[in-house]
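> just the structure for this:
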Amino acid sequence: MKKAERAYASLRERVGVEWILYLLAFVFILIADSIGQIKIPVWKGAFIIFPIFYALFLGILTGPNVLKILDDKKVKAASGLVGVAILPFVAKLGINAGANIAIVISAGPALLLQEFGNLCTIFLAMPIALMLGLKREAIGATHSINRETNLALMQDMFGADSPEAQGSLSVYIVGGMVGTIYFGFMASMAAATGLFHPYALGMASGVGAGILMSSAVAALSEVMPAWAGQIAAMASASETISGIDGIYMAIFIGFDVAFTESLPGVLVLLLIALCAAGLSHVIPLKLPTVAYCSILGLLCACPLSPVSQFVIGSAGKINFTAPLTMVGAFAGMSISNQLKMFFKQGWKLIIITILVMTGTFFGSLVVAQVVLGLTHAI
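Numbers count the residues shown, from 1 in each chain. Below is the predicted model of the structure:
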């Protein structure tokens, strides 16, 4: 696919268009973080609503379908900002994987093979989609988790106006609206069964959709705090593999300590993110920037790196269970012009989206658990 042309002639022009997005995101972050988490005990797990959901909801309201604060041009700009917000957090996940590199290597076969579990998405969701009356749309709707790269693939293969691409787009929209809550809840319920090792749960969280991965990792970190680092490492490695396969992800950073204390970590993450962005332009290998970012983070934090202790210590002061709010604000604004389509698709697409997410997560989870056991990694 051809690279998109530059949307702005200069930085001044960009700020002139996007300043309202920055301001709205800042306001939404203040509101969402003031509400905080809502944690509802369910069986042995928990139904957790993170601030990202409030920010996502507020962002959706700003679009041309409701409050009309943003027009279509600014909605498109918000979509680009979600991509920018990805990189620092991906760097942190890469650092986490580097700090736990021995564990990641020991789980290598499971990390590779668990990707085949994604086929359960098709086996579970496709028959139901056909039963509900979808035709060619079912191909796009159920072929994968349906995030940015999957949507681009459908458009490239079948055309932007094809039924296949429309099916993919529908699940993309519904997933963005309901997925942040459902994915985290599903992960916590899987953990509550006691049937799955935290390594497998972490791998299954890295499904190639950053906003869903963040929800799952945050929820698992809440219900299994002793395993939070290992879960994040496995999720990072799994997400990187998905990224190398061309899967896109989106998430940002947040703070749970004093700004001056967290500043070195912020600078480390930003530097890794900038280097990754540069590499993606000079290296001819067609990998997503997020893949370079994760790999750089891992290399900087692995035992062979002379700066590993500084990198791990600095990045470790930035909490990744709270950082979801910024990306939620931009993500909500980026799909705020799709609200009519969401209601038009109705309950059928909600069911299919839930089945797609369930098949992807549990398919990867079961494969990871089995392979980890067979290779004696757990």
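
> hey, let's count contacts and neighbours off CA atoms from now on
Will do.

> ranges for the strands of this structure?
Counting by DSSP state E, the chain has these strands, from start to end: 38-42, 45-49.

> same for the last one, what does it pack against?
Packed against strand 45-49 by the contact rule (3 or more CA pairs under 8 Å, 6 or more residues apart in numbering; DSSP states H and E) you find strand 38-42, helix 163-192, helix 210-223.

> show me what it is in contact with.
Applying CA atoms under 8 Å, 6 or more residues apart in numbering, the external contacts of strand 45-49 come out as 37-41, 181, 184-185, 188-189, 191-192, 219, 223.

> and the buried ones among the residues you listed, selectable in ChimeraX?
Those of the contacts of strand 45-49 that count as buried under 16 or more other CA atoms under 10 Å are selected in ChimeraX with:
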select :37,181,184,185,188,189,191,192,219,223
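
> before we move on, the earlier item: can you tell me which of the helices and strands packed on strand 45-49 is most buried?
Comparing the helices and strands packed on strand 45-49 by mean neighbour count (mean count of other CA atoms under 10 Å), helix 210-223 ranks first with a mean of 26.

> what's the angle between that one and strand 45-49?
Angle, helix 210-223 to strand 45-49, by axes from the mean of the first three to the mean of the last three CA atoms, to 10 degrees: 130 degrees.

> average pLDDT for helix 210-223, rounded please.
Mean pLDDT, computed over helix 210-223, is 82.

> next: stretch 236-244.
Averaged across stretch 236-244, pLDDT comes to 67.

> now for the nearest residue to residue 14 once chain neighbours are set aside, how many residues are close by?
Leaving aside its chain neighbours, residue 14 sits nearest to residue 8 (5.8 Å; criterion: CA to CA, 6 or more residues apart in numbering). Counted with other CA atoms under 10 Å, residues neighbouring residue 8 total 11.

> what's the answer for residue 74, then?
For residue 74, the number of neighbouring residues by other CA under 10 Å comes to 19.

> wait, isn't it in contact with residue 17?
Yes: at 7.2 Å, residue 74 and residue 17 qualify as touching, with contact defined as CA atoms under 8 Å.

> one step back: closest one of the contacts of strand 45-49 to residue 273?
residue 219 (25.4 Å; CA to CA).

> excluding its backbone neighbours, what's nearest residue 75?
Of all residues not flanking residue 75 in the chain, residue 334 sits nearest, at 4.9 Å (CA to CA, 6+ apart).

> how about that neighbour, what does it touch?
59-60, 75-79, 82.

> and those as TSV, adding pLDDT and neighbour count?
TSV is the format used below for these (pLDDT from 0 to 100; neighbours: other CA atoms under 10 Å):
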residue	pLDDT	neighbour count
59	92	26
60	89	28
75	89	28
76	85	16
77	88	18
78	87	27
79	78	17
82	72	23
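
> from these, which single one is nearest residue 116?
Using CA to CA, residue 82 comes nearest to residue 116 of these, at 27.9 Å.

> any idea how far residue 52 is from the closest one?
Separation of residue 82 from residue 52 (CA to CA, to the nearest Å) stands at 13 Å.

> please name the nearest non-neighbouring residue to residue 270.
Spatial nearest neighbour of residue 270, chain neighbours left out: residue 88 (5.7 Å); criterion: CA to CA, 6+ apart.

> return the distance of the one you found relative to residue 205.
For residue 88 relative to residue 205 (CA to CA), the value is 19 Å.

> among the two, which residue is more densely surrounded?
Remark: of residue 88 and residue 205, residue 205 carries more neighbours, 33 against 27, as counted by other CA under 10 Å.

> I figured that one was touching residue 360, is that so?
No: with contact defined as CA under 8 Å, residue 205 does not reach residue 360; the gap is 9.4 Å.

> if we can go back for a sec, and the pLDDT for the residue nearest to residue 270?
Predicted confidence (pLDDT) for residue 88: 72.

> what separates it from residue 220, distance-wise?
According to CA to CA, residue 88 stands 21 Å off from residue 220.

> same question, residue 142
Applying CA to CA to residue 142 and residue 220 gives a distance of 26 Å.

> hmm, back to that, give me the common contacts of residue 82 and residue 52.
Residues touching both residue 82 and residue 52 (CA under 8 Å, 6+ apart) are residue 327.

> all the helices of the stretch 251-378 of the chain, residue numbers only.
Remark: helices assigned in the stretch 251-378 of the chain by DSSP state H, counting those that start in this stretch are 259-282, 289-301, 308-315, 324-334, 339-374.
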